[in-house]
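J.: Requesting a structural model of the entry that follows:
(2 chains)
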Amino acid sequence: MANEQIKYVTAPKVEDTRKKYCRFKKNGIKYIDYKDANFLLKFINDQGKVLPRRLTGTSLKFQRKVAQAVKRARHIGLLPYVTDSLK
Amino acid sequence: MQQYEIVIVLTPLLSVDTAKEAIAKYSKLLTDNGAEIVQEDNWGLRKLAYPIQKKTTGYYHLTEFKAPGELINKLEVELRRDERVLRFLTISLDKHAIAYNEKKRSGAFNQKKPVKTEEAAS
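T.: Now for the predicted structure:
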């Protein structure tokens, strides 16, 4: 009994078995439109920063394109450079 | 000739007519110098994500065109001189982008379009 409690002093690690995948590769999307601000919202956090690949699962090739598209959208005022309440 | 796409953001202080006139001026500049306009799209007045020159809205216009590369510089000089222009962005399109735009024009993205108008309304 005592032994078992000690076992769980550190939270048991719950393994997330779902594997991340690159949605562009999976859906065959080849071009990321910077004019579609709603779509780009999926790749930025509520401060307006680009989310890392380790969270979105995007492949490197498309991560670069996402970043480029977000920067273009910011320039023409479709997305903010800095904010606190995007979502 | 390379295919390009330009988004121009004009100040909201213009009346609809003067804004149209300003856009027509740049379209004319393009066609006079041997460019071929593929598509034009008027987004109208939209809210900016952050204030630019103390303005919170902008008049958006998108033009897609084929032009010789030297013309871009000429066009951008004109745009920089124009005080009515808040922002502009010229992009050279690769083959995927051209395919995407053609698909969009033919109305293949019916699911996406209502989302866009919703955002403009809110």
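
J.: Only C-alpha atoms from now on, for both contacts and neighbour counts.
T.: Fine.

J.: can I get the CA coordinates of stretch A:24-37 in CSV?
T.: The C-alpha coordinates for stretch A:24-37 follow below in CSV (Å, rounded to 0.1, in the frame of the first residue of the first chain):
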residue,chain,number,x,y,z
PHE,A,24,-0.5,20.0,-45.8
LYS,A,25,1.2,16.7,-46.9
LYS,A,26,-1.8,14.7,-45.9
ASN,A,27,-4.3,16.8,-47.7
GLY,A,28,-2.1,17.6,-50.7
ILE,A,29,-2.1,21.4,-50.1
LYS,A,30,0.7,22.9,-52.0
TYR,A,31,0.2,26.6,-51.6
ILE,A,32,-0.6,28.5,-48.4
ASP,A,33,-2.7,31.6,-49.0
TYR,A,34,-1.6,34.6,-47.0
LYS,A,35,-4.9,36.3,-47.7
ASP,A,36,-6.9,33.6,-45.8
ALA,A,37,-6.4,35.0,-42.3
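
J.: So that stretch, near chain B or not?
T.: Yes: remark: stretch A:24-37 sits within contact range of chain B at A:K30, A:Y31, A:D36, by Cα under 8 Å from any Cα of the partner chain.

J.: Next one, pLDDT for the last one please.
T.: pLDDT, A:D36: 90.

J.: Got phi/psi on it?
T.: Main-chain torsions, A:D36, degrees, to the nearest 10: phi -90, psi 80.

J.: for B:T63, same thing?
T.: Dihedral angles for B:T63 - degrees, to the nearest 10 - are phi -130, psi 130.

J.: In a markdown table: the residues of stretch A:24-37 next to chain B, plus neighbour count.
T.: Output for the residues of stretch A:24-37 next to chain B, formatted as a markdown table (neighbours: other Cα atoms under 10 Å in any protein chain shown):
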| residue | neighbour count |
| --- | --- |
| A:K30 | 15 |
| A:Y31 | 20 |
| A:D36 | 18 |
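
J.: Which single one of these is nearest to A:L60?
T.: A:K30 (13.4 Å; Cα to Cα).

J.: Flag every residue of chain A that's near chain B.
T.: A:30-31, A:36, A:38, A:72, A:74-81.

J.: Of those residues, which is the most crowded?
T.: Within the residues of chain A next to chain B, neighbour counts (other Cα atoms under 10 Å in any protein chain shown) peak at A:L79, which reaches 26 neighbours.

J.: tell me the contacts of that residue?
T.: A:A37, A:G48, A:V70, A:A73, B:L48, B:A49, B:Y50 (Cα atoms under 8 Å, 6 or more residues apart in numbering or on different chains).

J.: quick one: contacts for the second one?
T.: A:G48 is in contact with A:L79, A:P80, A:Y81, A:V82, A:T83, A:D84, A:L86, counting by Cα under 8 Å, 6+ apart.

J.: where does it land in three-state SS?
T.: coil (DSSP: H, G, I helix; E, B strand; the rest coil).
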